[in-house]
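Novice: Quick one: sequence plus predicted model below, questions after.
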Amino acid sequence: MLDELIQRINELSRKSRTDEGLTEEEKKEQSELRQKYRDCFKQNFVSQLDTIKIKYEDGSEHKIIPKN
């Protein structure tokens, strides 16, 4: 699904640089798709941060908890 989202964002981006440009509906779609992509990226990044642990010399570990 993410690949399809990126593909559509790129299509709209290419079209926006042509003489034809984007319709108001396409501009709205582009904005919504970009926000959806940012939300997915943020969610994936936070998930990755949740798995990171700092291991100290004494053998103890501390899990990094990202702040929203």
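Specialist: Perfect, thanks for sending it. Residues are numbered from 1 along each chain as shown.
Novice: Any chance you could spot the residue sitting in the middle of this protein?
Specialist: Computing the C-alpha centroid of the chain and ranking residues by Cα atoms, centre = their mean puts F41 first, at 2.6 Å.
Novice: In a helix, that residue, correct?
Specialist: Yes. When DSSP: H, G, I helix; E, B strand; the rest coil is applied, F41 is found to be in a helix.
Novice: got the contact list for it?
Specialist: Applying Cβ atoms under 8 Å, 6 or more residues apart in numbering to F41 gives no contacts. Every residue, glycine included, has its C-beta placed from N, CA and C.
Novice: From K53, how far off is it?
Specialist: 23 Å (Cβ to Cβ, to the nearest Å).
Novice: roughly how far is stretch 37-46 from the heart of the chain?
Specialist: Averaging C-alpha positions (Cα atoms, centre = their mean, to the nearest Å) puts stretch 37-46 4 Å from its chain's average.
Novice: so the residue with the largest distance to the centre of the chain, which of the three states?
Specialist: Here the chain reaches farthest from its C-alpha mean at D58, the gap being 36.9 Å by Cα atoms, centre = their mean. Secondary structure, three-state DSSP: D58 is coil.
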